[in-house]
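> would you be able to build a 3D model of this:
(chains A and B)
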Amino acid sequence: MALASTAVGTRRRRRGALAPAMLLVPTGVVLLAIIGWPLIQLIIISFQEYGRAQVFGRPPEWVGLQNYIDVLGDPFFWDVLGRSVLFAAANVVLTMVIGTLVALLMMRLHRFFRLLVSVGLLLAWAMPALTAVVVWGWMFDTQYGVINYVLSLLPGVDLIGHSWLIEPLSFFAVATIIITWQSVPFVAFTVYAGLTQVPDEVLEAAQLDGAGAVSRFRLIVFPYLKSIFLVVTILQVIWDLRVFTQIYALQGIGGIREQTSTIGVYIFQTSLGTGDFGAGGAIAVILVIVMMTISLYYVKKSIQEETL
Amino acid sequence: MRKLSIVALGAAAAVALAGCAAEAPEAETGAEIRVWLVGTDTPQEARDYLVETFEAENPGNTLVIEEQAWGGLVDKLTTSLSGSDSPDVVEVGNTQAAAFTSAGAFLDLTADYEALGGDDLLPGFVEAGSYDGAFYAAPYYSGARVVFYDTAMYDDLGLSVPTTLEEFVANGQAIAEANDGVSGIYFPGQDWYNALPYIWENGGEIATFENGEWVPGFSSPESIAGLEMVQEVMTTASVAPKDGNEAEAQVPYCNGEIGQLSAPSWFKWSILAPEDAEAPGCPDKEATLGVFALPGLDGGPAQVFAGGSNIAVSANSAHPELAKSALAILLSEEYQSILGGAGLVPALVSLGDTIGTDATAQAISAAASNAKLTPASPAWAEVEAAGVLQDFFVQIAQGGDVAQLAADVDARIADILN
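Below you'll find the model as predicted:
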């Protein structure tokens, strides 16, 4: 496939090298407008005193680095950031491990059951995040939740009226269940697609040489799928670090906002709740920098490895 | 020729892309006025009246009511009112109005003040809707909080309607003790509106304006006394979720899990909603549904939270004159009388007797006579939107240290208000 396109490219280059570029221009302009413009706006706002009055047209005032100084000097910001990093780390690890295990399971399954698992995964994946939170919220409901009811059927357990969201740790456990449940399908499908590309002969040869399942995965499958794992992990880190819907919706159901806000929710609360768009912008810019650092590190590493 | 084809290609791509985003040609059939009403408080009869009257008075134009939710309203209004696709007329909570009047989100209605009702408009709400000497948001309705109770549970224990706040609490504790799994006073942790009377009755304040600065008052000795009472009620008389909110309280009520609860007067219709409604109630419990005004510490009606709404025209409305005519209908005697009939205190003082004379109406009038507002600061809406008080009372419900929590919440409120 790659060979073919290169050949076509060389043959056509003389005639119309500009054509592909021209085709890209409109898309490029649109992308720049819808991604670049808001980002520039965000950066501008983060250097301004920008409140609700400015939203409605009063001219904003430039305050230099004041928003950044305020945000970085606020211990609450560091709490939120630390909490988000820990939460994202736990979710990424859990999602990657479960997703990979499901993918390995799908390799072993017969056709019918593989279809069944795929459909189940797709349903979880296709469910809108807000709907998922509402449904899980009902299941964990303090008064009428099915989880409390079923667990209380066990002898010696009385969880009737137990609130799962009031303790921060328990709140994040519920959030982790919801988020992992919805992100496992993506990891499972991607890894499964990669697994089907691992040549059987190599695995067979290794098996004949006496390699166990774990070493076969570690020494053969993992190196083959390294780039897939890399990309999926980066995506998961970014998604889990900026998670918003699940936490925000769950806070409406129960729990204490102050103790459970992650960075995405905190940006929203600062900007729209408190009406301080300047500080919210500064936090968002900091988050962008953090995420770009993570991504760039991995991208750089993967490029280095490819050239070696 | 070659260059031309390249240009054509680019243009074709651009046209194709633009085609995706192009809108259907606008068919000019007159203006459509969008009215945002919040929650289900406005009865259907009033909604129908508004649409029909508007379309009769402004032939060729239409009016649509878009119902919004109370949760997250400040956020939603901030984004939608500032855009080019702004709704024309919006309802906003009376304690939230100042955030928008001070920001210039609403059209100046000072010139229309007399036409809309003038001095007949509810004074506290006119104040909430005014900023810097200009009138932006008219009163829409006021709703007092009254106590609904299960008369059967009262009879079982031989209780009588309380005359003081302490008797009310004692009744609640008696019901909770006698009935396993029943809240004598239903009090979910996030329900901060219902915690305010305990603080006010003990002489405490949320915040007072002193020497050009807001001084929060939750840690005053008076407030602490009130907060301790709140904690006592939450922990000894209520089995409601400690971190739950007050929405959908008709579900536990209809399940027979509530002895007494304080709620806005229109909550009666949530309880008595037909069983096949979208949010079903239990009309069969009408016979045992009692109502009284929350009693104060020294008898008489307690100082309760004066809930209610203001209504305004968006400064970004594309059809301000039509929007104003819709506003005039919303404040007309006919429309406001329909609201009065549904148990809401009308925006026009002269229509006060439209709420009727039954027990509910009497309780509403008594409660409204001593109702009180949250601090009149433009930043108050931010305290609400940030969920500061919800967090605070959830922690109180959890059994936290009242003095410490009060000091913390005072610091947060001072930070936001000043």
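> all strands of chain A, in order?
Applying DSSP state E to chain A gives strands spanning A:48-49, A:61-62.
> dump the ones you listed into CSV; add distance to residue B:189 and mean neighbour count as well.
For every residue, glycine as well, the C-beta is placed using N, CA and C. Converted to CSV, those look like this (distance: least, Cβ to Cβ, whole Å; neighbours: other Cβ atoms under 10 Å in any protein chain shown):
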stretch, distance to residue B:189, mean neighbour count
strand A:48-49, 35, 18
strand A:61-62, 39, 10
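> give me the neighbour count for residue B:288.
By other Cβ atoms under 10 Å in any protein chain shown, 14 other residues sit near residue B:288.
> measure it to residue B:151 for me?
Residue B:288 sits 5 Å away from residue B:151, going by Cβ to Cβ, to the nearest Å.
> over to residue A:42?
The gap separating residue A:42 from residue B:151 is 58 Å, by Cβ to Cβ.
> worst-scoring helix or strand of the chain, pLDDT-wise?
This is for chain A. When each helix and strand of chain A is scored by mean pLDDT, DSSP states H and E, helix A:2-16 comes last, with a mean of 49.
> could you give the number of residues near residue 201?
Went with chain A since none was named. Neighbour count for residue A:201, taken as other Cβ under 10 Å: 7.
> try chain B instead
Neighbours of residue B:201 (other Cβ under 10 Å): 23.
> I'd like the distance between it and residue B:305.
Remark: distance between residue B:201 and residue B:305 (Cβ to Cβ) = 12 Å.
> and if you look at residue A:106?
56 Å.
> okay, the two: which has more neighbours?
Comparing residue A:106 with residue B:305 by other Cβ under 10 Å, the one with more neighbours is residue B:305, at 23 against 20.
> the residue lying closest to residue A:207 once chain neighbours are set aside - how many residues pack around it?
Spatially, and ignoring its direct neighbours in sequence, residue A:207 is nearest to residue A:216 (6.8 Å; Cβ to Cβ, 6 or more residues apart in numbering or on different chains). For residue A:216, the count of nearby residues is 18 (other Cβ under 10 Å).
> then residue A:21?
Neighbour number of residue A:21 under other Cβ under 10 Å is 12.
> for residue A:215, same thing?
Per other Cβ under 10 Å, the neighbour tally for residue A:215 reads 12.
> quick one: pLDDT of it?
pLDDT, residue A:215: 89.
> surely residue B:33 and residue B:60 touch.
No: counting by Cβ atoms under 8 Å, residue B:33 stays clear of residue B:60, with 11.9 Å between them.
> comparing these two, which residue is more hemmed in?
Each of residue B:33 and residue B:60 has its neighbours counted (other Cβ under 10 Å); residue B:33 has more, 26 against 9.
> list the neighbouring strands of the helix or strand hosting that one plus their orientation.
According to DSSP states H and E, residue B:33 maps onto strand B:32-38. On the basis of DSSP bridges, the sheet neighbours of strand B:32-38 come out as strand B:62-68 (parallel), strand B:89-93 (parallel).
> can I get those in TSV with mean pLDDT and mean neighbour count?
Below are the strands paired with strand B:32-38 laid out as TSV (pLDDT from 0 to 100; neighbours: other Cβ atoms under 10 Å in any protein chain shown):
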stretch	mean pLDDT	mean neighbour count
strand B:62-68	93	15
strand B:89-93	94	26
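> and those as TSV, adding distance to residue A:293?
Below are those laid out as TSV (distance: least, Cβ to Cβ, whole Å):
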stretch	distance to residue A:293
strand B:62-68	40
strand B:89-93	42
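> to residue A:227, which of the strands of chain A lies closest?
Among those, strand A:48-49 comes nearest to residue A:227, with 41.6 Å by Cβ to Cβ.
> any idea how far that closest one is from the chain center?
Centre-to-centre, strand A:48-49 and its host chain are 30 Å apart (Cα atoms, centre = their mean, to the nearest Å).
> that strand - which strands sit beside it in the sheet, and in what orientation?
strand A:61-62 (antiparallel).
> tell me the residues of the stretch 201-350 of chain B that contact chain A?
Proximity of the stretch 201-350 of chain B to chain A is confined to B:239, B:240, B:241, B:242, B:243, B:244, B:245, B:251, B:252, B:257, B:315 under the rule Cβ under 8 Å from any Cβ of the partner chain.
> how about the strands in the stretch 1-150 of chain B?
B:32-38, B:62-68, B:89-93, B:130-131, B:134-135, B:137-143, B:145-150 (DSSP state E, counting those that start in this stretch).
> residue A:207 is nearest to which of those?
Nearest of those (Cβ to Cβ): strand B:62-68, 62.7 Å.
> what about residue B:110, how many neighbours?
Residues near residue B:110, counting by other Cβ under 10 Å, number 11.
> ok, now residue B:210?
8.
> beta partners for it?
residue B:213.
> make CSV from the residues of the stretch 201-350 of chain B next to chain A and add neighbour count to it.
Converted to CSV, these look like this (neighbours: other Cβ atoms under 10 Å in any protein chain shown):
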residue, neighbour count
B:239, 22
B:240, 27
B:241, 24
B:242, 25
B:243, 27
B:244, 26
B:245, 19
B:251, 17
B:252, 22
B:257, 18
B:315, 19
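> hang on, the earlier thing: quick one: closest of the strands of chain A to residue B:293.
Smallest distance to residue B:293 across the strands of chain A (Cβ to Cβ): 45.3 Å, for strand A:48-49.
> could you list the low-confidence segments of the stretch 1-150 of chain B?
Along the stretch 1-150 of chain B, the parts satisfying pLDDT under 70 run over B:1-29.
> can you give me the helices for it?
Under the criterion DSSP state H, counting those that start in this stretch, the stretch 1-150 of chain B contains helices at B:2-21, B:44-57, B:73-82, B:97-101, B:113-116, B:123-128.
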